[in-house]
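# From the sequence below, what's the structure:
(2 chains, ligands or ions: 1)
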Amino acid sequence: MATKYGGYTGKILKINLSDSSYEEYPFSDRERELYLGGKIMAAKILYDNIKTKIKPLSKENILVITTSPLTGTGTPSSSRFNISSISPLTGLLCSSNCGGSFGFNLKRAGYDGLVICGKAKTKTYLNITNDKVEFLPADKLWGMTTGEAQEALGGKSGKIVIGPAGENLVRYACIVSEERAAGRGGLGAVMGSKNLKAIVAQGNFVSQAKDKEKLKKLSKKWVKKLKEHPLTGEQLPKLGTAGLISKMHFKNLLATKNFSYGQFEGHDKINGEYMAEHHLIKNSGCISCPIKCGRVVEVDGKQVKGPELETLGLLGANILNDNIELILRWNHLLDEMGMDTISAAGCLSFAMELNEKGLWKNELEFGKTDNIERIIKETAFRSSAIGNTLADGTREMSKKFGGEDFCISSKGMEISAYEPRSAVGQGLGYAVSNRGGCHLNAGYLVVLEGLGLSINQYTHWGKAALTVTFQNLMEAVSAGGNCLFTTYAVFPSFLIDKPNGLITRIVNKVMPYLGGVLYLALKFPQILAVNLPFILPHPVAINAVTGMKLNFGKMLRLGERGYNLERLFNKRMGVNASWDALPKRLTDELQDKNNPKSKVPLEKLKKRYYKIRGWDIDGLPTEKLIKKLGIE
Amino acid sequence: MATVKFFGLLRIQTGIAEAKAEGKTLKEVLYDIQRQYPSMTVKELKKKVIYVNGKDINQLKFFRTKINPNDEITIMSPVSGG
Ligand code: SF4
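The predicted structure follows:
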């Protein structure tokens, strides 16, 4: 189906693994205007194709892989692609974003997306070259790690693969492209359940922007801005996300001992500075990215990807381990096994506390590290009783052994390394997030509550409105095709550069009281019908590529549509207000006995959040809202 | 003498992770650091995130915060997200 918009190939391919057939999946220009690309486009396809509750690992589940209009256009940090499906970890819609070269190559093959249905009769991999799709035997690839499988597939094409964890249906198995992963939600297990080991894509389609000159000029300025900004030009390239660990410690945000505390004495042995001084070989990154936040370190004489802050925090502070060498090794092993590091680590710390409290006698203990490598392998292969139990995630573990109050997950997804009792807006986000305990889908308010800015960490004021705003904005940026890290440059440099400056202090004080203003802007985004490319270049880039008329307000509306569409899909899977929850440890127990505000006031925040979203008291979008957003 | 610990890019760029410095107030301590390590100027240090015994100086008296010999001062380049 051809499109009048630039940037797209205009074709989505539907592949049925059950009978090895394929055909074009219809997607109209009207739908492109409403759902743009990436995770929102994928949500629309899932919404149209799955109408009732189904089992995530059944052949009825669908895997949707989407690119975005900016993918492959050379815009900064725009090589990322999206994979969505029903998550075996949460039972809900899960979208997972990935770097690597697959998205770029899928577009080169001539497709904006893939809709993968059914189940292959035998172990299979797909080879897509322009108009040709080959269903090839994967017997020789089966059992291989993600690195081995990619090497065996060879060539310069784009690849996604699963490792042993995906094959063995570990509920948090990931999908890997080069050294990057669509990490969260167990979508690797969905591939495994379909007997699908890998997809390879290549071709010679060249994505065309509508206004090449405008895009070229904008990209040049944008790259300059990213390189000059203290966060995207300094912190992320030099220290990676790992540069946050010590700041998190000082702000009581570093999840420690299964989220019992927010500070870890050994933080300075597992932080980005320590990694840079002792282990870093170089930084690396996705195609077309000037930020290059990735770390390259050495494990057993091999250069491999270094850990992100979530992995350092959760396999460090959260299990009381201050040995960074072990974290580098485990991180690499988890990537090779094809397992999400956040959920894997969350399962380990939960098992440790269950053991400590005598609820499940097992061999895992806080601070004990000599058995972890073996247990990670046993989990990926489900080859022992403990591994098989861990492979099902914390929610299933708590059904078996109890410990709900300290089962640190939301909607079944293990929470990432930010301790929300000292960032209550982040806590709200974790609870209401469509995909569960994900810091980004949560709205990532912690960036205001102590990381980038320092607004009051404990107040409920303004947090709901800020959460909705950030969720909508990130949803739209992701759908457009940019890495979310490009949004950090939205904060003016002087706010970051001068944390003790008068203006920064005023902003920190005033921001929580802007809830009312934000509420109005969210209700009437047309008042923000402006483009400020020096603050938010994303809509201008999408306009230059596609020709669609976008601005700040329309981006907010687009993000709102996406977020609500995902919520509506989850409603079909049974979601309502009772799902927007956190374990009691985070809502009822004080993080600091001397600070009565150091817990997440979830019910109060949720009420406000629903009101701002225009949801009913059961946390569901109203008919009026659905109509207003144009969701069909 | 107070113990001063450095974090973030400041530490990577200067190669200094820890120092001892004197002063009755934070401002005096910063001047002492500048004296010992001229590459770290007071002007630049004032732009960093600073904690005294784990407390943000925004919650204390900024650069007028009193410093005792056993205090631990943390000076950190701004960071943001991941
Ligand atoms: S900032 Fe990091 S994750 Fe984002 S595109 Fe660049 S290298 Fe990839």
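# how about the residues of the stretch 1-150 of chain A near chain B?
Within the stretch 1-150 of chain A, no position lies close to chain B (C-beta under 8 Å from any C-beta of the partner chain). Yep, even glycine has a C-beta here, placed from its N, CA and C like the rest.
# Residues of the stretch 1-150 of chain A that sit close to the ligand?
A:77, A:99 (C-beta under 6 Å from any ligand atom).
# Flag the shaky bits of the stretch 1-150 of chain A, pLDDT-wise.
A:1 (pLDDT under 70).
# Go ahead and produce CSV holding the CA coordinates of the longest helix seen in chain B.
Longest helix of chain B, by residue count under DSSP state H: helix B:26-36. Only the C-alpha atoms of helix B:26-36 are listed here, as CSV (Å, rounded to 0.1, in the frame of the first residue of the first chain):
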residue,chain,number,x,y,z
LEU,B,26,32.6,25.1,52.5
LYS,B,27,33.8,28.1,50.6
GLU,B,28,37.1,28.0,52.4
VAL,B,29,37.4,24.3,51.7
LEU,B,30,36.8,24.9,48.0
TYR,B,31,39.6,27.5,48.0
ASP,B,32,41.9,25.0,49.7
ILE,B,33,41.1,22.5,46.9
GLN,B,34,41.9,25.1,44.3
ARG,B,35,45.2,25.8,46.1
GLN,B,36,46.2,22.1,46.0
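# Buried residues in it, which are they?
B:26-27, B:29-34 (16 or more other C-beta atoms under 10 Å in any protein chain shown).
# Please apply the same query to stretch A:600-615.
Neighbour counts using 16+ other C-beta under 10 Å place A:600-602, A:605-606, A:608-610, A:612-615 of stretch A:600-615 among the buried residues.
# about what we covered before: pull the residues that contact the longest helix of chain B.
B:2, B:4, B:19, B:21-23, B:40-42, B:45-46, B:50, B:52, B:57, B:62-65, B:67, B:73 (C-beta atoms under 8 Å, 6 or more residues apart in numbering or on different chains).
# Select only the buried ones of the residues you listed in PyMOL?
Provided next is the PyMOL selection string for whichever of those are buried by 16+ other C-beta under 10 Å:
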select buried, chain B and resi 2+4+19+21+23+40+45+46+50+52+57+63+65+67+73
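# can you tell me which of the contacts of helix B:26-36 are in helices?
Using DSSP H, the members of these that fall within helices are B:42, B:45.
# which residues sit in contact with the residue of the stretch 501-632 of chain A at minimum distance from the ligand?
Nearest to the ligand in the stretch 501-632 of chain A, going by C-beta to the nearest ligand atom, is A:His538, at a distance of 13.6 Å. By C-beta under 8 Å, 6+ apart, the residues touching A:His538 are A:476-477, A:480, A:482, A:486-487, A:555.
# on that earlier part again, show me which pair in the buried residues of stretch A:600-615 is furthest apart.
A:Val600 and A:Gly614 (22.9 Å; C-beta to C-beta).
# picking that back up, among the contacts of A:His538, which one lies nearest to chain B?
Lowest distance from chain B to the contacts of A:His538 (C-beta to the nearest C-beta) belongs to A:Thr487, with 8.6 Å.
# Please name the spatially closest residue to that closest one (chain neighbours excluded).
A:Val477 (5.7 Å; C-beta to C-beta, 6 or more residues apart in numbering or on different chains).
# quick one, phi psi at that neighbour?
With angles defined as degrees, to the nearest 10, A:Val477 sits at phi -60, psi -40.
# what's the burial count for it?
25 (other C-beta atoms under 10 Å in any protein chain shown).
# For whatever helix or strand A:Leu556 lives in, which helices and strands make contact with it?
Using DSSP states H and E, A:Leu556 falls within helix A:552-572. With contacts defined as 3 or more C-beta pairs under 8 Å, 6 or more residues apart in numbering or on different chains; DSSP states H and E, helix A:552-572 has these neighbours: helix A:29-35, helix A:38-49, strand A:93-98, helix A:463-480, helix A:515-523, helix A:538-546, helix A:623-629.
# which element follows that helix toward the C-terminus?
By DSSP H and E, the next helix or strand past helix A:552-572 is helix A:584-587.
# Show me what the next helix or strand after that following helix is in contact with.
Scanning forward in sequence from helix A:584-587 by DSSP H and E, the next helix or strand is helix A:602-613. Here helix A:602-613 makes contact (C-beta under 8 Å, 6+ apart) with A:424-425, A:427-428, A:431-432, A:460, A:463-465, A:467-468, A:519, A:522, A:564, A:577, A:580-582, A:587, A:616-617, A:619, A:621, A:625.
# Mean confidence (pLDDT) on the strand or helix carrying A:Ile327, please.
Following DSSP H and E, one finds A:Ile327 within helix A:324-337. Helix A:324-337 comes out with an average pLDDT of 98.
# distance between that helix and the chain's centre?
Remark: helix A:324-337 is offset 20 Å from the chain centroid, using C-alpha atoms, centre = their mean, to the nearest Å.
# Could I get the buried residue list for the helix or strand just after that helix?
Using DSSP H and E, the helix or strand that follows helix A:324-337 in sequence is helix A:341-356. Within helix A:341-356, the residues scored as buried using 16+ other C-beta under 10 Å are A:341-355.
# on that earlier part again, quick one: work out the angle between the helix holding A:Ile327 and helix A:341-356.
Counting by axes from the mean of the first three to the mean of the last three C-alpha atoms, to 10 degrees, helix A:324-337 lies at 120 degrees to helix A:341-356.
# Does helix A:324-337 reach chain B?
No - applying C-beta under 8 Å from any C-beta, one finds helix A:324-337 separated from chain B by no less than 14.4 Å.
# Include distance to A:His229 and pLDDT when you put the buried residues of helix B:26-36 into JSON lines, please.
Output for these, formatted as JSON lines (distance: C-beta to C-beta, whole Å; pLDDT from 0 to 100):
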{"residue": "B:Leu26", "distance to A:His229": "28", "pLDDT": "97"}
{"residue": "B:Lys27", "distance to A:His229": "29", "pLDDT": "97"}
{"residue": "B:Val29", "distance to A:His229": "30", "pLDDT": "97"}
{"residue": "B:Leu30", "distance to A:His229": "26", "pLDDT": "97"}
{"residue": "B:Tyr31", "distance to A:His229": "30", "pLDDT": "98"}
{"residue": "B:Asp32", "distance to A:His229": "32", "pLDDT": "97"}
{"residue": "B:Ile33", "distance to A:His229": "27", "pLDDT": "97"}
{"residue": "B:Gln34", "distance to A:His229": "27", "pLDDT": "97"}
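# mind listing what A:Gly614 touches?
For A:Gly614, the contact set (C-beta under 8 Å, 6+ apart) comprises A:621-622, A:624-625.
# From these, list just the buried residues.
A:621, A:625.
# Would you point out the most distant pair within the contacts of A:Gly614?
A:Pro621 and A:Lys624 (8.9 Å).
# Stretch A:212-227: which residues count as buried?
If you call a residue buried by 16+ other C-beta under 10 Å, then stretch A:212-227 has these buried ones: A:215, A:218-219, A:222-223, A:225-226.
# Return the closest of the residues you listed with respect to chain B.
Nearest to chain B among the buried residues of stretch A:212-227, counting by C-beta to the nearest C-beta, is A:Leu226 at 13.0 Å.
# Close to the ligand: what parts of the stretch 401-550 of chain A are there?
Residues of the stretch 401-550 of chain A lying near the ligand (C-beta under 6 Å from any ligand atom): A:483, A:485.
# Pass me the low-pLDDT residue ranges in the stretch 401-550 of chain A, would you?
Scanning the stretch 401-550 of chain A residue by residue, none of them satisfies pLDDT under 70.
# how about the nearest residue to the closest residue to the ligand within it, chain neighbours excluded?
Across the stretch 401-550 of chain A, the shortest distance to the ligand (C-beta to the nearest ligand atom) belongs to A:Cys483, at 3.1 Å. The shortest distance from A:Cys483 to any non-neighbouring residue, by C-beta to C-beta, 6+ apart, is to A:Ser77 (3.9 Å).
# now the one you found, what's its secondary structure?
coil (DSSP: H, G, I helix; E, B strand; the rest coil).
# what's the spacing between it and chain B?
Distance of A:Ser77 to chain B, computed by C-beta to the nearest C-beta, to the nearest Å: 14 Å.
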